[in-house]
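Novice: My questions are about this predicted structure, shown below with the sequence.
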Amino acid sequence: MNSNTYKKRTVSVAPMMDWTDRHCRMFHRQISRHTWLYTEMVTTGALLHGDVPRHLDFDGAEHPVALQLGGSDPSDLAHSARLGQQWGYDEINLNCGCPSERVQKGAFGACLMAEPQLVADCVKAMRDAVDIDVTVKHRIGLDQHESYDFVRDFVGTIAEAGCATFIVHARNAILKGLSPKENREIPPLRYECAYRLKRDFPALEIILNGGVRTLAEIDTHLQHVDGVMLGREAYHNPWIMAEFDARYYGDTAAPRSRADVLAAMLPYIREQLDLHGPDAPGGGLRLNSITRHMLGLTMGLPGARRFRQMLSDPKQLAKGDPALLLDALASLPAAA
């Protein structure tokens, strides 16, 4: 993989709490070699006061992979970004888009959009601390403020601090009255805001996020912005990524089959269970902790329900044998 291809964030998978852990990312990497992957949000507090290896350890096969940080103190973010670089991440991303009340109590996430100068100070502190890219993921507005000027001025202020890449979730964040789930569904998508940012800031890398579900939609957005980030569609229907390498990165290598993907995961799963499984010292990792991310692999195929049922069977999972993956795939009709 050459460095130019490696740096392109043409397509990426969004940071999603409780979903895009290291096991999920390792699985996604077997489907696409080039798609950029993002961690779940890790707070600066977790890195300053918690178990750093538990939060930051990952497999080298996951590259390119970005660490998303949650925080609002420039010095804490600089320290955390430095840790991210030391652990080998390719990018540090600052969360300015999460609307949850828990995040708001920590004074970070989407509420930071109301304080662009603070975000600029955070970005500058991180850029001074690391050599890798520092990026920002944000919404297009807060609450009922839907003026394009708001997000334009936010991006302009942060860009002056040296940020060159913005991941734009093309919805407003409603800080009071809507749950995080409702914030992903109720505020209307306004893709034109992201398109306009690219027109107004042609030198910046603008990546669009929010509601993207098909290859055709990705193709359309890429006519206006530099990249597209998928969220829940990539998780529930991961096989959409099977075409990404050829379609968006010009990779001529033959794509893997579903069976190839699962077979490639078996050594990893066995290694993780040996190191961290129920029988390991201090271990607690169970087979389901990894296989739960794979339930959507056969979405749309005959027998997909049977595949999901087998991977969710407590008796089978309790055996801790990752060969269950291949057995579940083999249960599909031959036509699949």
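Specialist: Done, it's in. Just so it is clear, the model here is predicted, and its values are computed rather than measured.
Novice: going forward, measure contacts and count neighbours with C-alpha atoms only.
Specialist: OK.
Novice: Show the contacting residues for Cys24.
Specialist: For Cys24, the contact set (Cα atoms under 8 Å, 6 or more residues apart in numbering) comprises Ile290, His293, Met294.
Novice: isn't the first one right next to Arg25, touching?
Specialist: To tie it back to what came earlier, the one meant is Ile290. No: using Cα atoms under 8 Å, Ile290 is not in contact with Arg25; the gap is 10.2 Å.
Novice: Pull out the buried positions in the longest helix along the chain.
Specialist: Longest helix in the chain, counting residues (DSSP state H): helix 258-276. Buried residues in helix 258-276, counted by 16 or more other Cα atoms under 10 Å: 258, 261-266, 268-270, 272-273, 275-276.
Novice: again with stretch 49-67
Specialist: Neighbour counts over stretch 49-67 (16+ other Cα under 10 Å) mark His55, Leu56, Phe58, Glu62, His63, Pro64, Val65, Ala66, Leu67 as buried.
Novice: Am I right that the first one is in contact with Leu48?
Specialist: No: under the criterion of Cα under 8 Å, His55 makes no contact with Leu48, lying 11.1 Å away.
Novice: For stretch 209-219, the averaged confidence score.
Specialist: Stretch 209-219 shows an average pLDDT of 98 in the prediction.
Novice: ok, now stretch 28-40?
Specialist: Mean predicted confidence for stretch 28-40 is 97.
Novice: and the protein, what are its domains?
Specialist: 3-249, 258-330 (automatic domain parsing).
Novice: ok so, going back, can you tell me which two in the buried residues of stretch 49-67 are farthest apart?
Specialist: His55 and Pro64 (17.3 Å; Cα to Cα).
Novice: before we move on, back to that, need the winner for burial among the domains of the chain.
Specialist: Comparing the domains of the chain by mean neighbour count (mean count of other Cα atoms under 10 Å), domain 3-249 ranks first with a mean of 20.
Novice: Dump the contacts of Cys24 to TSV, plus pLDDT and distance to Arg199.
Specialist: Below are the contacts of Cys24 laid out as TSV (pLDDT from 0 to 100; distance: Cα to Cα, whole Å):
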residue	pLDDT	distance to Arg199
Ile290	97	41
His293	98	37
Met294	98	38
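Novice: Lys137: what secondary structure?
Specialist: Assigned with DSSP: H, G, I helix; E, B strand; the rest coil, Lys137 falls in the strand class.
Novice: Once you drop chain neighbours, what's closest to it?
Specialist: Closest residue in space to Lys137, ignoring its immediate chain neighbours: Ile167 at 4.5 Å, by Cα to Cα, 6 or more residues apart in numbering.
Novice: what's the answer for Leu285, then?
Specialist: In space, Leu285 is closest to Gly277, 4.3 Å off (Cα to Cα, 6+ apart).
Novice: Just to check, that neighbour is in contact with Arg286?
Specialist: Yes: between Gly277 and Arg286 there is a contact under Cα under 8 Å: 5.7 Å.
Novice: re earlier: CA atoms only: put the longest helix of the chain into CSV for me.
Specialist: Provided in CSV are the C-alpha atoms of helix 258-276 (Å, rounded to 0.1, in the frame of the first residue of the first chain):
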residue,chain,number,x,y,z
ARG,A,258,-17.3,-14.0,3.1
ALA,A,259,-15.7,-17.4,3.8
ASP,A,260,-12.2,-15.8,3.3
VAL,A,261,-13.1,-13.0,5.8
LEU,A,262,-14.3,-15.4,8.5
ALA,A,263,-11.3,-17.7,8.0
ALA,A,264,-8.9,-14.8,8.3
MET,A,265,-10.5,-13.9,11.6
LEU,A,266,-10.1,-17.3,13.2
PRO,A,267,-6.4,-17.0,14.2
TYR,A,268,-7.1,-13.5,15.6
ILE,A,269,-10.0,-14.8,17.7
ARG,A,270,-8.1,-17.8,19.0
GLU,A,271,-5.2,-15.5,20.0
GLN,A,272,-7.5,-13.0,21.8
LEU,A,273,-9.3,-15.8,23.7
ASP,A,274,-5.9,-17.3,24.7
LEU,A,275,-4.7,-13.9,26.0
HIS,A,276,-7.9,-12.5,27.4
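Novice: Show me what the helix or strand that it is followed by is packed up against.
Specialist: Using DSSP states H and E, the helix or strand that follows helix 258-276 towards the C-terminus is helix 287-291. In terms of contacts (3 or more Cα pairs under 8 Å, 6 or more residues apart in numbering; DSSP states H and E), helix 287-291 is packed against helix 22-31, helix 258-276, helix 314-318.
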